[in-house]
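Asker: model the structure of this input:
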Amino acid sequence: MTNSQPSLLLNHIHHGLYNDLILRANTCPNEAQIVGDHGWTALHLLITKDPPLAAVKAVCNAFPKAVHLKTDQGHTPLQKAWQWSASIEVIEFLKSSNDCDLMDVDAGTEVLMKCGQKRQGDDQSRTTKLLRA
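Answerer: This next block holds a predicted model:
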């Protein structure tokens, strides 16, 4: 589904209204299925806002296929989560939902190499665990 009109769900994402977002994703899941400019889904956009895990789960439940979709630049939501320093819990959830690891399957390149070398504030042992899992 593609659409150039912004939805209420996307508005909630832009403004960080996560409780409203969760409710909207549950009541109007079709809004999570919109694929916008450059192949971005609501999940891709949400990931850039350092969302709570509950918000990510709500959008994923509304549009499970979104975890596999790539932007025009070839980034999955998991890769965007890494790039935008989403919480480790969000990354673990996306990783478990995506049937893959933090590797770009097409190029065989680790996400951290493709999207940015370092995540600030990460516990190094936990980051290493994510990369090896």
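
Asker: next, the buried residues of stretch 36-51.
Answerer: Neighbour counts over stretch 36-51 (16 or more other CB atoms under 10 Å) mark 36, 40, 41, 42, 43, 44, 45, 46, 47, 48, 49, 51 as buried. Heads up, the C-betas are built off the backbone N, CA and C, glycines and all.

Asker: give the rounded mean pLDDT of it.
Answerer: On average, the pLDDT along stretch 36-51 is 92.

Asker: over to stretch 16-26?
Answerer: When pLDDT is averaged over stretch 16-26, the result is 97.

Asker: run through who's touching that stretch.
Answerer: 8-9, 11-13, 31-32, 42, 46, 49, 51-52, 54-55, 58-59, 61-62 (CB atoms under 8 Å, 6 or more residues apart in numbering).

Asker: hmm, try it at 6 Å
Answerer: Stretch 16-26 is touched from outside by 8, 9, 12, 32, 52, 55, 58, 59, 62, with contacts defined as CB atoms under 6 Å, 6 or more residues apart in numbering.

Asker: can you flag the buried ones in those residues?
Answerer: 9, 12, 32, 52, 55, 58, 59, 62.

Asker: so the first one makes contact with residue 30?
Answerer: No - with the criterion set as CB atoms under 6 Å, residue 9 and residue 30 do not qualify as a contacting pair; they are 9.2 Å apart.

Asker: what about residue 37, distance to residue 96?
Answerer: 28 Å (CB to CB, to the nearest Å).

Asker: contacting residues for residue 89?
Answerer: residue 53.

Asker: per-residue confidence for it?
Answerer: 91.

Asker: element containing it, please.
Answerer: Assigned by DSSP states H and E, residue 89 belongs to helix 88-97.

Asker: residue 49 too?
Answerer: Taking DSSP H and E as the definition, one finds residue 49 inside no helix or strand.

Asker: list the residues that contact residue 59.
Answerer: 25, 32, 42, 43, 46.

Asker: recalculate using a threshold of 8 Å.
Answerer: Per CB under 8 Å, 6+ apart, neighbours of residue 59: 9, 21, 25, 32, 42, 43, 46, 66.
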